[in-house]
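Undergrad: no FASTA, just this:
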């Protein structure tokens, strides 16, 4: 179990070939690794804060694109994360 020793920074960034990379750290985030493989392009990545009277959450929308049988295929993926301690 990892102990929380203060604020933790999480960063998502695309590289020059549109691979989605993940960084994490307390002051200067370090590269943890890619979240997508080569050939999978991140076309959109949207984080939207959701505030209600009972909790806080983040809606995540991501559009990925790749080539399959010489055709471009794209798909949207959605998720919601409720922030710990906000419920």
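TA: Done, it's in. Just so it is clear, the structure is predicted and the values come from calculations on it, not from any experiment.
Undergrad: residues contacting the spatially most central residue of the chain?
TA: For the chain, residue 12 is the residue whose C-alpha lies nearest the centre (CA atoms, centre = their mean; 5.6 Å). Applying CB atoms under 8 Å, 6 or more residues apart in numbering to residue 12 gives the contacts 20-23, 35, 45. From N, CA and C alone the C-beta is placed, and that goes for glycine too.
Undergrad: next, give me the two most distant ones among these.
TA: Spatial extent of these (CB to CB) is set by the pair 23 and 45 at 13.9 Å.
Undergrad: and the next element down the chain from the worst-scoring helix or strand of the chain on mean pLDDT?
TA: Lowest by mean pLDDT, DSSP states H and E among the helices and strands of the chain is strand 9-14, with a mean of 85. Per DSSP states H and E, the first helix or strand lying C-terminal to strand 9-14 is strand 20-25.
Undergrad: what lines up beside that following strand in the sheet?
TA: Its sheet considered, strand 20-25 pairs with strand 9-14 (antiparallel), strand 30-34 (antiparallel) by DSSP bridges.
Undergrad: export those to TSV and tack on distance to residue 73?
TA: Formatted as TSV, the strands paired with strand 20-25 follow (distance: least, CB to CB, whole Å):
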stretch	distance to residue 73
strand 9-14	19
strand 30-34	20
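Undergrad: of all the ones you listed, which one is nearest residue 62?
TA: strand 9-14 (9.4 Å).
Undergrad: from the chain's centroid, how far away is that closest one?
TA: Remark: strand 9-14 is offset 7 Å from the chain centroid, using CA atoms, centre = their mean, to the nearest Å.
Undergrad: can you pull the buried residues of it?
TA: Buried positions in strand 9-14, judged by neighbour count with 16 or more other CB atoms under 10 Å: none.
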